[in-house]
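[1] From the sequence below, what's the structure:
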Amino acid sequence: MAATSAPACASVPLRALVPARLIEEVDVVAMLRAGVDEAGSQRVYAARHGLNANDLSSVLGGRRAPSASMLRAVGARRALVMDGGAA
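    Residues are numbered from 1 along each chain as shown. Here you go, the predicted structure:
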């Protein structure tokens, strides 16, 4: 009658244990650019992360906002933030 259940924290995703950090779109673009530099090209980076290379180019060129899949590629997600004073 030995129970082989995992520890309680095993069911909690790791991101829930790490405090969230507020970043801006320019930070996401910088992380994408760093990933492209590490990969060697935009096409290689896009292929590795399942991104459209043309869309990635538009984001890096400042013509578009990063898509949800680009946010995921750098470990980010969209969130709404209420500025103080707004009710």
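
[2] any chance you could map the helices in the chain?
    For the chain, helices defined by DSSP state H occupy the ranges 14-17, 25-39, 42-49, 53-60, 68-73.

[3] in the longest one, what counts as buried?
    Residues of helix 25-39 classed as buried by neighbour count (16 or more other C-beta atoms under 10 Å): Val28, Val29, Met31, Leu32, Gly35, Val36. Using the backbone N, CA and C atoms, a C-beta is placed for each residue, glycine as well.

[4] got the residues you listed as JSON lines, with distance to Met82 and pLDDT columns?
    Shown next, in JSON lines, are those (distance: C-beta to C-beta, whole Å; pLDDT from 0 to 100):
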{"residue": "Val28", "distance to Met82": "20", "pLDDT": "97"}
{"residue": "Val29", "distance to Met82": "24", "pLDDT": "98"}
{"residue": "Met31", "distance to Met82": "25", "pLDDT": "97"}
{"residue": "Leu32", "distance to Met82": "27", "pLDDT": "98"}
{"residue": "Gly35", "distance to Met82": "30", "pLDDT": "97"}
{"residue": "Val36", "distance to Met82": "33", "pLDDT": "98"}
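
[5] nearest to Asp83, of these?
    Lowest distance from Asp83 to the buried residues of helix 25-39 (C-beta to C-beta) belongs to Val28, with 20.0 Å.

[6] Hmm, Ser69 and that closest one touching each other?
    No - using C-beta atoms under 8 Å, Val28 and Ser69 do not qualify as a contacting pair, with a distance of 11.9 Å.

[7] in the chain, what secondary structure element scores lowest on mean pLDDT?
    Taking mean pLDDT, DSSP states H and E as the measure, the chain has helix 14-17 as its least confident helix or strand, at a mean of 66.
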